[in-house]
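S.K.: generate a structure from the sequence data that follows.
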Amino acid sequence: MTGMLLTDRGELQELFDELEDELAQLGAFADVVMVGGAWMLWHSYRLSTRDVDSARRFDSDLSQAVERVGARHDLPPAWLNDNASSIKRDTSPPSPLANRTYSEGALTAVLNTWDRRTAAPTPHLR
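M.R.: Numbers count the residues shown, from 1 in each chain. Prediction:
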């Protein structure tokens, strides 16, 4: 990480590894739906991002785990946040057809895809 910036997919994967360990210790599971700058970084459409926005609302276990991982890396407490959760109101698990980017034990992260014609999530993520 450069300062407080995430600069590549590998960094995100390492942070997700630590986050998964935290969740496993809590006996919790979480789904993250990446959107925004992190989505662009994952696809190399952007050089860096300050945070990872999720279109899925977090429960308290995930929020606590995010804060602990962030503290170890001098990242802000909301380096991974659910600020974009109003985009996707569905709380069901991601479809098996979703574009999984990370799936280890207690943590699954998927990339949200959008239908440009309707500006709505594609059906497999509803």
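
S.K.: how near is R50 to P76?
M.R.: Counting by C-beta to C-beta, to the nearest Å, the gap from R50 to P76 is 8 Å. Heads up, the C-betas are built off the backbone N, CA and C, glycines and all.

S.K.: now for those two: what residues contact both?
M.R.: With contacts defined as C-beta atoms under 8 Å, 6 or more residues apart in numbering, the residues adjacent to both R50 and P76 are M4.

S.K.: what about the helices in the protein?
M.R.: Assigned by DSSP state H, the helices in the chain fall at 9-26, 36-42, 60-72.

S.K.: the inter-axis angle of the last one versus helix 9-26?
M.R.: Compare the direction of helix 60-72 with that of helix 9-26 by axes from the mean of the first three to the mean of the last three C-alpha atoms, to 10 degrees and you get 130 degrees.

S.K.: give me the distance from helix 60-72 to the chain's centre.
M.R.: Here helix 60-72 is found 13 Å from its chain centre; the criterion is C-alpha atoms, centre = their mean, to the nearest Å.

S.K.: out of the helices of the chain, deepest packed?
M.R.: Scoring the helices of the chain by mean neighbour count under mean count of other C-beta atoms under 10 Å gives helix 36-42 as the most buried, with a mean of 20.

S.K.: re earlier: out of the helices of the chain, which is closest to T108?
M.R.: Nearest to T108 among these is helix 9-26 (9.2 Å), distances taken as C-beta to C-beta.

S.K.: okay, now the unreliable bits of this structure?
M.R.: Low-confidence segments of the chain, defined by pLDDT under 70: 1-3, 87-101, 111-126.

S.K.: please tell me how far L80 sits from H73.
M.R.: Distance from L80 to H73, by C-beta to C-beta: 11 Å.

S.K.: between those two, who's got more neighbours?
M.R.: Taking other C-beta atoms under 10 Å, L80 and H73 do not tie; L80 has more neighbours (29 against 14).

S.K.: that concludes my questions; thank you for your assistance.
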